[in-house]
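J.: Provided below are the primary sequence and the corresponding predicted coordinates.
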Amino acid sequence: MPETAVSQQQYAPKDYKSSLKPIWCPGCGDFGVLNALYKAMSICGLSPEKTVIVSGIGCSSRLPGFVTTYGFHSVHGRALTIATGIKVSRPDLNVVVVGGDGDGYSIGAGHLPHTARRNPDITYLIMNNNVYGLTKGQVSPTSMVPMASVQANLDPKRWKTTPYGMTEDTINPIAMAIAYDISFVARGFSYRPNQLTEIIVAGLQHKGFALIDAFSPCPTFNQDQTDDFYKERTYDVPEDHDPTDRVKAFELALRTDGYPIGVIYRNDLKHSIMEEQAALKSRFAGQPSGSVSALLHRFV
Amino acid sequence: MPETAVSQQQYAPKDYKSSLKPIWCPGCGDFGVLNALYKAMSICGLSPEKTVIVSGIGCSSRLPGFVTTYGFHSVHGRALTIATGIKVSRPDLNVVVVGGDGDGYSIGAGHLPHTARRNPDITYLIMNNNVYGLTKGQVSPTSMVPMASVQANLDPKRWKTTPYGMTEDTINPIAMAIAYDISFVARGFSYRPNQLTEIIVAGLQHKGFALIDAFSPCPTFNQDQTDDFYKERTYDVPEDHDPTDRVKAFELALRTDGYPIGVIYRNDLKHSIMEEQAALKSRFAGQPSGSVSALLHRFV
Amino acid sequence: MSQQTATHATDVVVRLAGESGEGVVSLGDLTVQMLSSLGLDIYTFQTFPAEIKGGTVMYQIRVHSGVTLSQGDGVDVLIALSKDGYDTFHQGMREDGILLYDSDAFTPPESPGRTEYGLPISTLANHEKQAVRSEVEGEQLKRLPPPKNIVGLGALMRLISAPLEPAEQYIRDLFGRKGEPIVRMNINALHVGAQHIENQIGAKRTPHVYPVPIERERLTINGNQMLAIGALAAGCRFYAGYPITPASDIMEFLAKEMPKFGGELIQAEDEIAAIGMCLGASFAGKKSMTATSGPGLSLMVEQINLGGQAELPVVVADIQRGGASTGMPTKTSQGDLNLAVYGVHNESPRIVIAASSVEDCFWTSVDAFNLAEKYQCPVILLSDQALATRKCTIPMPELDKVRLEERLKPTSEELSNGFHRFELTETGVSPMSIPGMAGGAYVSTGIEHDELSNPGYDPDLAQRMKAKRFRKLETLAKSEGASYYRLWGEPRRAKVGIIAFGSTEGVLRESAERAREEGYPVAHLHCRLINPLPVEAIKEFAARCDKILIPELNWSGQFGHWVRANTNIEYHSFTKDVGLPFAPNEIYNQIIQLLAE
Amino acid sequence: MSQQTATHATDVVVRLAGESGEGVVSLGDLTVQMLSSLGLDIYTFQTFPAEIKGGTVMYQIRVHSGVTLSQGDGVDVLIALSKDGYDTFHQGMREDGILLYDSDAFTPPESPGRTEYGLPISTLANHEKQAVRSEVEGEQLKRLPPPKNIVGLGALMRLISAPLEPAEQYIRDLFGRKGEPIVRMNINALHVGAQHIENQIGAKRTPHVYPVPIERERLTINGNQMLAIGALAAGCRFYAGYPITPASDIMEFLAKEMPKFGGELIQAEDEIAAIGMCLGASFAGKKSMTATSGPGLSLMVEQINLGGQAELPVVVADIQRGGASTGMPTKTSQGDLNLAVYGVHNESPRIVIAASSVEDCFWTSVDAFNLAEKYQCPVILLSDQALATRKCTIPMPELDKVRLEERLKPTSEELSNGFHRFELTETGVSPMSIPGMAGGAYVSTGIEHDELSNPGYDPDLAQRMKAKRFRKLETLAKSEGASYYRLWGEPRRAKVGIIAFGSTEGVLRESAERAREEGYPVAHLHCRLINPLPVEAIKEFAARCDKILIPELNWSGQFGHWVRANTNIEYHSFTKDVGLPFAPNEIYNQIIQLLAE
Ligand SMILES: Cc1ncc(C[n+]2csc(CCOP(=O)(O)OP(=O)(O)O)c2C)c(N)n1
Ligand SMILES: Cc1ncc(C[n+]2csc(CCOP(=O)(O)OP(=O)(O)O)c2C)c(N)n1
Ligand code: SF4
Ligand code: SF4
Ligand SMILES: [Mg+2]
Ligand SMILES: [Mg+2]
């Protein structure tokens, strides 16, 4: 979150609310995430005209329309690439990316490690419902269903594309993010709204790439990972956890006794591509080398 | 490596050598990898007609042409997807994937975590030269060059696309692979041929997805990560390392005092998609349900 | 009433409209089932919102005594379950049409000439639920929805004078295992709905449907289902895909069936992986397929090209949807023709084929696999949202007419004499070895190569290899062009000749027939094979018609351009690209206008 | 000899051939530098192997006293540095041509009529190295290559009777800081090479080059360099790309320059990310660009479509290469035209423009950015391998003729009155706000939308929004069509009219001029704007010519089909797609053949 994107003016959460009514189903976890985002933006004092919310495609990716900032509702899986273009070319803007688990971890998975390498000052908020919502209930990389081989029942059920059980494993996005050295990695839950707000604020304030994976249940297509499911299985990141210890963070991410909520990993020493680009430019600043005529004369 | 792909006949390493002469530059590390592969195939007794070597595009991806097995030299970054199609539809074949660091970790990065989820019995051998060879010396995700901001010299040098130093970080493919829970993760070095052969043998024998990242210097376009560079910085995986301890493996992968060579992580408990698919099919086997006429009659 | 003979013809268009999630689709499905059990022909047309909740849904059912070719023009009966549903979809109603609305939900504006039936659906359904309350145990009661659909069904059946017996039977079958009280609740709901209409009818207008004796086995099925079953019939044993509207249900259908057929199905991480997996499986000897829509087809472009260059059979079904980019994902269009025929850098051969009716989806799917195998190249099968979701009553396909092609394999002699995978043959087709065949090893590649598949860029080699690959399409065009188009009417005397492709066949036939019945000579050539195009047939047809009309559902007239680029004929273009199929009237008017010019 | 006046004309084709990595390219570059410093015009043509080492390389230089339009036909002088080089590239030599070969490397087969010079290049070069041995310090000596290139350069200069002074000067400049012994070694090598030829000449044939007085400042530069500089001149300040032959050097060039211009450059993880980043930067207000080749363009298809639908300016340079899929990556082709104009699911507007000469690369690049800004849509700029690597001597572009367009921005009044990003205007162009502008906030989207950019799929809205977007292309076609094609010759009296696009302009002009000089009336219309096509100009041109010839470097005649689909004109197609450009003779023969028919 650059200084340039913070406003003198005070904005209430509702000031970020656009006139478009969310089209989500009643009970959709995304409402909670959206509200937390309104609040976090208000707390940080983000200037709406200096903020861009970028998304891919999915129920969750409709979010930019419900906010009064600039937005870019792009194509499935590519939000990070677009956001990187915005941020690197306009470091003065605040750039937030939002989307679903399918958008970010399935089709978009290839962009994550590379965005981590660049470490742009972008906050990426994934609304993880462990399912494909918009396309009506197919399996996602974060879906949790017994394997086909251990399913006793032949009755088609669960995910529409894995009716007899999954034939592949579930990913652990937090562990992956730590391996990528994403410089801020956190987990949130849409039914823990205050904590989620805090996490988003921390992500916005973090200088560098921040990934926040927020559980955001889809009551319409996922009757397993419900709000209750997560209420029972989430707990706070232990007080004594040191998020700058990468190995410990990885260990925490692998724990199978539930899902720690909070900041799991951070690396504040990492360079950002904007810094690198700025360093480059500043070294040439003042030199008259940026001239087309001079360039052409090199070939005389 | 399925039983079905092992031959009764004995094959010497040279029996796997095709009539096509490698087009690599003198001193290219890929020669060493190719020779280790010949030997490993011989040790495992792989039947050439039951083996397929799949690759993308790059200098290293030319490898299938130099082997007498079936091969598929596909497009840049997609070798894993093609190999998955082959393996899942024909579990009786032995499937090996080869390619470069750019092919596998840059454009192909999105397929790695998902291949890990499926865990097909495929051995993936990456010839990591920390550079783009075939396109003549651009930066790769594994390239190691000082950052732009810490480069003192403005003289264009190093990678052709980062002449003043890198603006992004280097990835750690081993750490990533462990986070993906790739069920066999190893590092090799083309100038430690015997060890590399052993590692490839272990990878071929592993039931599940095996990733072997082999340093394979490119003397033509990378004068930094030379054979000497790696000779000085590689050491054996410590004797007491337990590769089934995922956290410890991650810790080892993060070490900055050099590059451990050997098997760094393995998870032999993981299901493979072929097992899952077989389980599914066997449950329906014998039932007359697979009939088009029956299907149509459901709509009468 | 079911004794009624078929001398009375039925042709009624019923439209259901309401909020997404409100049961419009299930009421539609129920209605379809009831009506087709009366021997009537059904043709549905559905539109969905792009959102999961909150948009309006429309389900239109044309009921007809004979072959039904389109969704029809005016709406005879509109059933509006919500105000928004009414507002969005009352357009297109006949002025003297019938409106049946949920009077619990809204009151429609006045409209003279219209016949109206108000029905307090929620009240009635709740009442029936309360009636069995004491007999149903707690947890089941909680999750028991009031039988709104069934009330609606009863009302509708009565309105169109259809018998209630089939619905009763259906309710018994469906709810039997849930216990007698639930069955009773639903049967009562059915009758209450019917009775409520009965009470209002008096002198009001009602349309009638007349049952028809059923002579041949019939299915009620949609385009995607037929396409998926066709794939299995053609021997498809590997599917990889990525969900996308309106193609997802092909994968969902096959996910249930593929293991039963001994095949594999994978939900890939994206469309790029999906097509890659299919190419891999094909290389390994399996008939493989993926299905997608525009955005996914865009992502597959690179590897479809690899398939063309490496000569691998593969079927890519593209279920076209509305709009560029994400566009209008739940609406229909024929806008991907350009991408299907031209979507390749440089050039490698591909075959493009289009399905034109629900029945044809089955056969086109079979043809697609056969062509892919025979010519060892990608086949793009075009369908669209309207066809995919269109439920029709169709005769049972004659499965003994299914003929399967298998790719040409090398003989053992060829395998033992230094096998040439890319032998330069006269037809362009070369024998293809499969991993496992001793002596058949080769490296499949997208790089230019010689007969042995070794990389090579010699100009002469490049020339001959490219010629070989494209010769396959020439061979196809020569050998079987005629089975890939259909001719309706008599071009020799036609003043207007229609040339078209894909899902518009029915509506074009209906419009042309109507014109012919009125004495206007109109002919119609419908292409199933798009690339290679039946050039000779088109030229001949065009030469015999005074004027040519090319109607299509996209902006620029892609098919017309494609036809012109291939044949140089002159034509009149009629395009529409707003997410809706053609209505018969639209086309009829175009014909009349052309005749008058 | 440099006193020679320009009354003698030079037109010599020199071809260098040898193994990749053997110094062919550096010898070629040196030769080009020397000859252009004599005021002569240079036109090069290079082919590379797809492998890094081991293949053969060819570097052809045509030297000419005036404007040079093509690489020429026959080869006057072949310099063969290896047997493979000779074998692969001796075809095309004139029968009475001159062969200069490395006699240390091989002995060429006999060929009567040919003049031959054997030169023991390695021996001579080693000798010169040994001569300075004692004066050079250990480590430097080890890495000092024997001056083979310079021996070759001396020999060649003498052979074509060019003065050695410029080369001497060049050696002093280049090696000065390495110390006097190195300079001496190279100067001696130069003279030894020259002397060796001198000794053999006797009565043997030698071609002559005659210096020309230099009147205007000239550059020796290739197509990719001009394209990159053009982008900077046009205001490009953001570049994201992924390496691919033959586009990589655009990125490599800009990587050095962009920071000096205050812009950013990113090597993306793939082409999908590259185009995404460019769209992002464009949305944020920057002029942005990516460059790629066929496989990369294929991967960009989905998001170029997003750019069209969301109305974002962006420039995509496609440096076409040979073959489908990976094909023939280091060879040339004009095979991506279809993908450029049709590569989109459903339809969104894009502009396609093609560069036709090295000089034109600069202006086309400027035009591409201007068009993108003005019409707020993607512009695909077509170049190709031959043009990209073609080094030519060209006049210094007149930079004061560069005019820059900026996208239409909202006025402060528009911003304060409820800004409508997608206002339905007459031209189709609507004001575009940029993040940071208060009151300008909107959500850019690929979904169909209303004027406020809110999602909407109402048929009427869909119709009007699509019409608006395509209206931009109509506006363009109307307003500036004429500056986007060039006319050569006089169509009114033409028996043959050539219509073409892209990098073939020079060779077509040369062939047509030759035909005209011989009294055959031939005209030539060369299109720079491909989409929208200058339809009226083409129709008019075609109407005035007896016969139309459309020559192009791809298999199926893509441009011809495109022209026909747009204009319905009749034409004769001449295609070639083997990785090589046209030779003037090929086209000339086509013209003569057409005239005779
Ligand atoms: C290239 C492409 N492929 C597929 C789709 C179809 N599609 C739209 S959203 C989506 C996934 C939705 O799941 P997720 O990202 O988890 O978001 P959610 O709806 O659950 O919030 C898919 C597959 C598309 N729009 N584009
Ligand atoms: C879609 C696509 N983009 C770019 C390229 C160009 N390309 C070919 S190989 C390569 C990278 C080579 O690097 P690496 O994978 O590390 O292999 P190496 O040559 O170093 O063995 C690139 C960018 C391509 N062939 N296809
Ligand atoms: S389908 Fe699921 S994710 Fe989508 S809006 Fe409904 S509840 Fe939310
Ligand atoms: S360029 Fe590098 S990677 Fe490629 S063949 Fe030469 S040495 Fe090997
Ligand atoms: Mg989701
Ligand atoms: Mg590499």
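T.: Okay, I see it. Ligands and ions are numbered 1, 2, ... in the order given.

J.: helix or strand for the nearest residue to C:Ser26 once chain neighbours are set aside, which one?
T.: Counting by C-beta to C-beta, 6 or more residues apart in numbering or on different chains, C:Ser26 lies nearest to C:Asn149, which is 5.4 Å off, once chain neighbours are set aside. For glycine as for every other residue, the C-beta is placed from the backbone atoms N, C-alpha and C. Per DSSP states H and E, C:Asn149 falls inside helix C:148-159.

J.: residues in contact with that helix?
T.: With contacts defined as C-beta atoms under 8 Å, 6 or more residues apart in numbering or on different chains, helix C:148-159 is touched by C:14, C:23, C:26-27, C:30-31, C:34, C:77, C:79, C:81, C:98, C:100, C:117, C:119, C:121-122, C:124-125, C:128, C:163-164, C:167, C:171, C:186, C:189-198, C:206-207.

J.: residue of the stretch 101-250 of chain C closest to chain D, please.
T.: Here the stretch 101-250 of chain C gets closest to chain D at one residue, C:Ile244, 11.2 Å apart by C-beta to the nearest C-beta.

J.: hmm, that residue is touching C:Gly296, no?
T.: Yes. The pair C:Ile244 and C:Gly296 qualifies as a contact (C-beta atoms under 8 Å) at a distance of 5.1 Å.

J.: shared neighbours, the two?
T.: Joint contacts of C:Ile244 and C:Gly296 (C-beta under 8 Å, 6+ apart) are C:Glu271.

J.: get me the contact residues on the stretch 201-300 of chain A for ligand 3.
T.: Neighbours of ligand 3 within the stretch 201-300 of chain A, by C-beta under 6 Å from any ligand atom: A:Cys218, A:Pro219, A:Thr220, A:Phe221.

J.: is it true that the last one touches A:Tyr132?
T.: This points to A:Phe221. Yes. A:Phe221 is within contact range of A:Tyr132, at 7.5 Å (criterion: C-beta under 8 Å).

J.: comparing these two, which residue is more hemmed in?
T.: A:Tyr132 (30 against 20; other C-beta atoms under 10 Å in any protein chain shown).

J.: once you drop chain neighbours, what's closest to the more buried one?
T.: A:Gln138 (4.3 Å).

J.: repeat for C:Leu382
T.: C:Ala354 (4.2 Å).

J.: could you measure from that neighbour over to C:Phe48?
T.: Going from C:Ala354 to C:Phe48 by C-beta to C-beta, to the nearest Å gives 23 Å.

J.: looking at those two, which is more packed in?
T.: C:Ala354 (30 against 21).

J.: mind checking how far that one is from C:Ala317?
T.: Applying C-beta to C-beta to C:Ala354 and C:Ala317 gives a distance of 11 Å.

J.: and for C:Glu128?
T.: On the measure of C-beta to C-beta, C:Glu128 and C:Ala317 end up 43 Å apart.

J.: the more surrounded of the two?
T.: Between C:Glu128 and C:Ala317, C:Ala317 has the larger neighbour count (other C-beta under 10 Å), namely 30 against 24.

J.: list residues touching both of C:Ala354 and C:Ala317?
T.: Common neighbours of C:Ala354 and C:Ala317 are listed as C:Leu381, C:Ser383 (criterion: C-beta under 8 Å, 6+ apart).

J.: ranges for the helices of chain A?
T.: A:30-44, A:79-89, A:101, A:111-118, A:173-179, A:193-205, A:227-233, A:246-254, A:273-284, A:292-297 (DSSP state H).

J.: give me the mean pLDDT for the fifth one.
T.: For helix A:173-179, mean pLDDT is 98.

J.: give the next helix or strand downstream of the helix holding C:Asn149.
T.: Counting by DSSP H and E, what follows helix C:148-159 is helix C:165-175.

J.: okay, the angle between that next one and helix C:148-159?
T.: 160 degrees (axes from the mean of the first three to the mean of the last three C-alpha atoms, to 10 degrees).

J.: can you list the helices and strands that helix C:165-175 packs against?
T.: helix C:24-36, helix C:148-159, helix C:180-201 (3 or more C-beta pairs under 8 Å, 6 or more residues apart in numbering or on different chains; DSSP states H and E).

J.: can you list contacts of the longest one?
T.: In this case it means helix C:180-201. So helix C:180-201 is contacted by C:100, C:117-119, C:121, C:124-125, C:127-129, C:131-132, C:135-136, C:144, C:147, C:150-159, C:164, C:167-168, C:171-172, C:175-176 (C-beta under 8 Å, 6+ apart).

J.: gap between that helix and the chain center?
T.: 35 Å (C-alpha atoms, centre = their mean, to the nearest Å).

J.: please name the nearest non-neighbouring residue to A:Gly100.
T.: A:Gly58 (3.7 Å).

J.: so for the helix holding C:Asn149, mean pLDDT?
T.: 92.

J.: using PDB, list the CA coordinates for that helix.
T.: The C-alpha trace of helix C:148-159 is given here as PDB (Å, rounded to 0.1, in the frame of the first residue of the first chain):
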ATOM      1  CA  LYS C 148     -44.700 -25.600  -5.500                       C
ATOM      2  CA  ASN C 149     -43.600 -27.300  -8.700                       C
ATOM      3  CA  ILE C 150     -46.300 -29.900  -8.500                       C
ATOM      4  CA  VAL C 151     -49.000 -27.300  -7.900                       C
ATOM      5  CA  GLY C 152     -47.700 -25.500 -11.000                       C
ATOM      6  CA  LEU C 153     -47.600 -28.700 -13.000                       C
ATOM      7  CA  GLY C 154     -51.200 -29.600 -12.100                       C
ATOM      8  CA  ALA C 155     -52.300 -26.100 -13.100                       C
ATOM      9  CA  LEU C 156     -50.500 -26.200 -16.400                       C
ATOM     10  CA  MET C 157     -51.700 -29.700 -17.300                       C
ATOM     11  CA  ARG C 158     -55.200 -28.700 -16.700                       C
ATOM     12  CA  LEU C 159     -54.800 -25.400 -18.600                       C
END
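
J.: measure the closest residue to C:Gly506 other than its chain neighbours to C:Leu508 for me?
T.: Closest residue to C:Gly506 apart from its sequence neighbours, by C-beta to C-beta, 6+ apart: C:Leu69 at 3.6 Å. Computed as C-beta to C-beta, the C:Leu69 to C:Leu508 distance reads 8 Å.
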